[in-house]
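Asker: Curious how this folds, go ahead:
(chains A and B)
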Amino acid sequence: MLYTKLLSELAVRATARDATSIAQALGAMVSEEVLRPGDKLPPIRTVAATLSVSSSTVAEAWSIMRAYRMIDTDRRRGTTIRAKPRSARKRYWRVPTAPGTLRLDLSTGTPDPLLLPPIEPILARIQSTLEVTSYLDPPVLSPLETELRARWPYEPEAIAVLDGANDCLDRVIAATIKLGDLVVVEDPTYPLLLDLLELAGADIIGVPLDDEGPILQPLALALAQKPVAMFLQTGTQNPTGVAFSQRRADAIAALVAPTKTLLIEDEHAGASSASDVVSTGTILGPQVVRIHSFSKTLRARPSYRSAGWTRRPDTRNQPTATTRTWLDEPTASTSPS
Amino acid sequence: MLQSPEVDDQITRAAEAYQYRREGLTTALASHGIVMPTGVGLNLWVPVVREDLATIGLAAAGIGVAPGEPFRVSAGDDHLRVTSAHVRDHFDAVAEAIAGVATIAGTR
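Answerer: From the prediction side, this is the model:
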C-alpha cells in the first residue's frame, strides 16, 4: 500500500490521535485487509508529522502493535505488517476430519455414546424444590461439594463447578496468563489448550513425554526459565495415551515446589480411563489448580457435562482468587437423593 | 449421578470396555508391524510416515482419524490420533487399514 494512501486512511481512522487509537486504526486496516502481510509502514517521523502527534506517540503505537504481534521491525526492511497470526481455535478445528460423513469416525476423542450411563432415571429423581433462592447462595450446592471433596485427591481450598474442562482451562488462563507470559505444556497436547494459550499471547514451551509422563530433564530446564504456569494432564494424556505415574508426579512436585510456577492439573478422563488418580496437590498445596472433568464418564454432550475445578490462590495473590465461581449445570449432576 | 451405585458400575464397565478396545487395536496393529505401548484412555497415538497422506487415505476408506499436527507444540514425528474408544469390534480390519496408510511416503 502506498504511503500516501496509508497515511490518509490512518488520519481519518485514528480520530483520538493517541497511541491506542493509532494502533487500533492499523489493526482494523489489517483485519479489513486494507493492509496486508509484508506491507511496509512509513517511518515514525512521517506518521507523526501527518497526524500532528509526537514521534513518541507513534513509537508507542508501534510497540502496542508489536506486543500484539501485528508488526515486525528489522533494520533491512523497516517496519512491516506481520503475516496473519494463527487464529484462535484454529488447531481445535483442524482435528475433526469430516464429521458425520464417514463409516467409522475415530477422529473425535469422545466416549462411546453406548457406554455412557443413561441420564433419564437420574433426571426423573430431580426434586422441583431445588431452586436457587439467592445469588448470594454458595456457588456449589453442598451435596455436590461434599461428593467432589470426597473424591478429590487432596484437601482443596475451594471448589467451583464449571461447564466442562474446556471452560475450566479457559477461565484459569484468563485469570493467570498475560501477554508474553511463559507457559509450559506437554508436547504433544490438547489442541484447544494451545489455542487458548496462543490467544492469551503466552510463549509456549513444550516438554516431551515418556511412558510415565513429562520427561524430568527438559521439564527442569523449562522451569528454570521461570514460567508463570505449567499445564499437565496428570492422569491420561491426550493424545498419546501415556498414563502419568504418581512417582513422576512426586518428582515434578519437588521441582515445582521451590518455584513460583502455578501447576494446573487437567484430569479430563476421570474414571473412563484405566490410569491411576495422580496429583501433586498434597505436596504443592496452594500452587495447584486441579481440573476434574466428568464429561468422559457421565456425558459428553455439552448440555450435560460438568467439571469441578479447585483453585488455591498462590502466595503471590494470583487473580485466580478473584475469578468468579459458578454453578452452571445444577440439574444433571447434583440431584440430591 | 455421582451418588448412584448403578452409574458407578456403568462407568467401571465403560472403562474396562475402553481398555479392552485399546488392547484389541494395539495388539492388532502390532501384528501389522506397528508396535506401540498399550497405554490408557480413549485415544491411540499412532506413528506414521506422513500423517496428511495417511489421514486422507483412511478417509477414502471411510475411517476418520485426526492428524497429529494440531497437537504438537514443536516439530516432531508424524502421528495419527485414533479414538480407539469407538472401535467396538473388527480390530484387525481397522488395524489393517491403518497399517496400510502408515507407510505412505510420497515426496515432501
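Asker: In stretch A:222-238, which residues are buried?
Answerer: A:222-223, A:227-238 (16 or more other C-beta atoms under 10 Å in any protein chain shown). For every residue, glycine as well, the C-beta is placed using N, CA and C.
Asker: tell me, what residue is most central in chain B?
Answerer: By C-alpha atoms, centre = their mean, chain B has its centre lying nearest to residue B:82, at 2.8 Å.
Asker: where does the closest residue to that residue other than its chain neighbours fall, phi/psi-wise?
Answerer: Setting aside the residues directly before and after it, residue B:82 is nearest to residue B:44 in space (C-beta to C-beta, 6 or more residues apart in numbering or on different chains), at 4.5 Å. Main-chain torsions, residue B:44, degrees, to the nearest 10: phi -110, psi 150.
Asker: related to what we said a few turns ago, keep the buried residues of stretch A:222-238, but drop any that are not near chain B.
Answerer: Residues of the buried residues of stretch A:222-238 in contact with chain B (C-beta under 8 Å from any C-beta of the partner chain): A:236, A:237, A:238.
Asker: Identify, from the residues you listed, the entry nearest to chain B.
Answerer: Distance from chain B was checked for each of those by C-beta to the nearest C-beta. The minimum falls on residue A:236, at 3.7 Å.
Asker: Surely the residue nearest to the centre of chain B is in contact with residue A:106?
Answerer: Yes: using C-beta atoms under 8 Å, residue B:82 is in contact with residue A:106, at 4.9 Å.
Asker: Can you show me the strands along the chain?
Answerer: In the absence of a named chain, this looks at chain A. If you assign secondary structure with DSSP state E, the strands in chain A sit at A:71-74, A:78-81, A:104-105, A:159-162, A:182-186, A:203-207, A:209-210, A:213-214, A:229-232, A:262-267, A:288-293, A:307-310.
Asker: please go with chain B instead
Answerer: Per DSSP E, chain B carries strands over the ranges B:44-47, B:63-64, B:66-67, B:79-82.
Asker: rewinding a little: so what sits against both of residue B:82 and residue A:106?
Answerer: Jointly contacting residue B:82 and residue A:106 under the rule C-beta atoms under 8 Å, 6 or more residues apart in numbering or on different chains are residue B:65.
Asker: Residue A:106 touches residue B:95, doesn't it?
Answerer: No: using C-beta under 8 Å, residue A:106 and residue B:95 do not qualify as a contacting pair, with a distance of 11.7 Å.
Asker: Between which two of the buried residues of stretch A:222-238 is the distance greatest?
Answerer: Using C-beta to C-beta, the buried residues of stretch A:222-238 reach their maximum pairwise distance at A:228 and A:236, which is 25.2 Å.
Asker: what does the model give the nearest residue to residue A:259 once chain neighbours are set aside for pLDDT?
Answerer: By the measure of C-beta to C-beta, 6+ apart, the closest residue to residue A:259 outside its immediate chain neighbours is residue A:223, 5.7 Å from it. Listed pLDDT for residue A:223 reads 97.
Asker: now residue A:143
Answerer: Per-residue confidence for residue A:143 comes out at a pLDDT of 84.
Asker: number of nearby residues for it?
Answerer: Other residues within reach of residue A:143 by the criterion other C-beta atoms under 10 Å in any protein chain shown amount to 15.
Asker: Could you list every helix and strand in contact with the lowest-mean-pLDDT helix or strand in chain B?
Answerer: Across the helices and strands of chain B, mean pLDDT, DSSP states H and E gives its lowest value to helix B:51-60, namely a mean of 87. If you count contacts as 3 or more C-beta pairs under 8 Å, 6 or more residues apart in numbering or on different chains; DSSP states H and E, helix B:51-60 packs onto strand B:66-67, strand B:79-82, helix B:91-102.
Asker: Can you give the contact residues for the first one?
Answerer: Yep, that's strand B:66-67 we're talking about. By C-beta under 8 Å, 6+ apart, the list of residues contacting strand B:66-67 reads A:94-97, A:107, A:109, A:239, B:51-52, B:54-55, B:80-83.
Asker: Sort out which of these are buried, if you could.
Answerer: Applying a neighbour-count criterion of 16+ other C-beta under 10 Å, the buried members of the contacts of strand B:66-67 are A:95, A:97, A:107, A:109, A:239, B:51, B:54, B:55, B:80, B:81, B:82, B:83.
Asker: my guess is the fifth one contacts residue A:186, does it?
Answerer: Yep, that's residue A:239 we're talking about. No: the pair residue A:239 and residue A:186 does not pass the contact test of C-beta under 8 Å, sitting 10.0 Å apart.
Asker: follow-up on the earlier one: save the strands of chain A as a markdown table, and put in distance to residue B:103 too.
Answerer: Putting those into a markdown table (distance: least, C-beta to C-beta, whole Å) gives the following:
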| stretch | distance to residue B:103 |
| --- | --- |
| strand A:71-74 | 40 |
| strand A:78-81 | 42 |
| strand A:104-105 | 21 |
| strand A:159-162 | 43 |
| strand A:182-186 | 27 |
| strand A:203-207 | 27 |
| strand A:209-210 | 24 |
| strand A:213-214 | 30 |
| strand A:229-232 | 33 |
| strand A:262-267 | 34 |
| strand A:288-293 | 36 |
| strand A:307-310 | 40 |
